[in-house]
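starting from these lines, generate the structure:
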Amino acid sequence: MNGSGDQLLVLRGVVTTASQQMQYVRVDRRTGYGRINTTPELWLRDEHGKEHRCQGDMFETARPGHEVAVISRPGSGKPLAFANFSTGLVHDGNELTVSTSTGSTLISTLGFSVLLALPGALLWGTLLNTIGLGDHAFSGVGFQIYAVVLIASVYAGLRFCSKGYRERSSSLREEIDRLLASEIAPATRT
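Numbers count the residues shown, from 1 in each chain. Presented below is the predicted three-dimensional model:
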């Protein structure tokens with residue numbers, strides 16, 4: 001295991017076992033329909049001969065004998081990225097793959113607006129009552145203004161958060177790429 005300060009850990013080794021670990025089985029007695037939830041599990045042997053167990057959704061392409069690296073934060077146990085040097089691919093974890101496109105932001109805006117509608121309405125009514133327009137807070141025009149202000153505020157907040165997320169994930173990807181470059185030639189990111 002190599003570390004880069006307190007930021008990231010790189011666990012590099014050779015895959016000894018790659019399998020699916022069963023989390024739970026659920027069977028409906030009436031229909032007989034069953035569901036099995038599994039998570040890919042990986043066992044690595046590092047250069048000192050010590051074996052390490054890793055779990056995550058990005059290990060499907062690993063096979064015994066592949067040389068790989070798992071990048072994570074100290075103490076978290078959740079992989080941020082997985083580099084398979086045998087195949088030349090880097091897989092990003094869930095933390096680095098959140099969609100911040102305009103379409104996903106609009107869908108999230110509508111969802112959050114619905115969740116915030118009632119608390120926002122109470123705040124809207126109180127605010128307009130404070131400035132003497134409480135009687136007009138939920139008139140036709142007042143409600144339309146409230147809806148536009150609510151949706152615009154949620155959208156602006158999500159765009160601001162999305163920008164921050166993109167900047168953080170970009171710098172994290174750069175740090176991961178630097179760590180991988182020090183381990184071996186860079187691989188292709190998927």
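
show me the domain layout of the chain.
Here the domain parsing of the chain from automatic domain parsing is 2-96, 102-165.

for the ones you listed, give me JSON lines that also has mean pLDDT.
Output for the domains of the chain, formatted as JSON lines (pLDDT from 0 to 100):
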{"stretch": "domain 2-96", "mean pLDDT": "79"}
{"stretch": "domain 102-165", "mean pLDDT": "86"}
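
what's the closest of the ones you listed to E175?
domain 2-96 (6.2 Å; C-beta to C-beta). For the C-beta atoms, the positions are set from N, CA and C on the backbone; glycine is no exception.

select the longest helix from this protein.
helix 140-183 (DSSP state H).

show me what that helix is packed against.
If you count contacts as 3 or more C-beta pairs under 8 Å, 6 or more residues apart in numbering; DSSP states H and E, helix 140-183 packs onto strand 2-4, strand 8-27, strand 67-72, strand 79-84, strand 89-92, helix 102-130.

ok, back up a step: tell me which of the domains of the chain sits most buried.
domain 2-96 (a mean of 15; mean count of other C-beta atoms under 10 Å).

how about the residue nearest the centre of the chain, nearest residue that isn't a chain neighbour?
By C-alpha atoms, centre = their mean, the mean C-alpha position of the chain lies nearest to E95, the distance being 2.9 Å. Nearest residue to E95, sequence neighbours excluded (C-beta to C-beta, 6 or more residues apart in numbering): L80, at 5.9 Å.

looks like that neighbour contacts T97 (just checking).
No: at 10.5 Å, L80 and T97 do not qualify as touching, with contact defined as C-beta atoms under 8 Å.

got the contact list for V149?
W124 (C-beta atoms under 8 Å, 6 or more residues apart in numbering).

skip the chain neighbours and tell me the closest residue to F85.
Nearest to F85 is E67, by C-beta to C-beta, 6+ apart, at 4.4 Å.
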